[in-house]
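K.L.:
Got a predicted structure here, sequence first:
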Amino acid sequence: MLPSSASASPPGGVAPATVTVWGQGGAGRIEILLDAPAGTPRGVALVAHPQPLLGGSARHKVPHVLAHALRDQGWIAWRPNFRGVGGSEGRHDHGAGETEDLLALAAQARAAHPGLPLALMGFSFGAYVQSHVAARIAAAGEAARHVLLAGMPVGPVQDWRSYDPAPLPGAWLVHGELDERASLAALMGWAREHAQPLFVVPGADHFFTGRLQLLREFVAALAGAG
């Protein structure tokens, strides 16, 4: 059962611990890690994790940082496990089913927290999925307030995988200068083609090792704007 927005305002001014709630996707139940702010929430966000085939989950350090940064700026952060990960039902669907699941969760988030703006954030595979989620929502006339895509892959990557993100004006792209898994050059070419602004973090690898505080500051600057 998903909590209402009223549950995100506990007394004492201290953010509550992460809790597990459940949503519904096309392949069944979706496990969600929920982080709520101590005060009245200013919005609700979906945070998507990296590639499940490489061990990615909602507990990965990058989505963890994104979610907690959102919480500290007053946003309710939902970190779903993609299908087949943790307690989420279904099997990995290479981004297609995962996009449909997040679209369903976006609708459920808005229904659970009526009147609050929506933010979409993702890392790596999760950023790729969120690009399509954000584009679909925008095309339906219900655009997210904020979109941040970190370490997003473009084109062929290791093994057999290849990614074709959806362009989205207004999204923030954040990428590590030394990203060894998702080519900065490929992303730069894609961003150039679509006139998409790109923030590059000098010295950062794919996982923003030693640079996670900078990523947190990007989120604070974006989410803190309301």
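P.N.:
Sure, I can see it.
K.L.:
Any regions of this structure where pLDDT drops low?
P.N.:
Where the chain drops to pLDDT under 70, the residues are 1-13.
K.L.:
which SS class is residue 220?
P.N.:
Residue 220 falls in the helix class when you classify it by DSSP: H, G, I helix; E, B strand; the rest coil.
K.L.:
Test my guess that it contacts residue 71.
P.N.:
No. The criterion here is Cβ atoms under 8 Å, and residue 220 misses it with residue 71 at 11.1 Å. C-beta here means a position set from N, CA and C on the backbone, and glycine is covered the same way.
K.L.:
neighbour-wise, which of those two wins?
P.N.:
In terms of neighbours (other Cβ atoms under 10 Å), residue 71 is the more surrounded of residue 220 and residue 71; the figures are 23 against 14.
K.L.:
For the helix or strand hosting the more buried one, name the packing helices and strands.
P.N.:
When elements are defined using DSSP states H and E, residue 71 is found to belong to helix 61-72. Packing contacts for helix 61-72, counted by 3 or more Cβ pairs under 8 Å, 6 or more residues apart in numbering; DSSP states H and E, involve strand 28-35, strand 43-48, strand 75-80, strand 118-123, strand 146-150, helix 212-223.
K.L.:
Quick one: closest of the ones you listed to residue 87.
P.N.:
strand 28-35 (3.7 Å; Cβ to Cβ).
K.L.:
angle of that closest one against helix 61-72?
P.N.:
60 degrees (axes from the mean of the first three to the mean of the last three Cα atoms, to 10 degrees).
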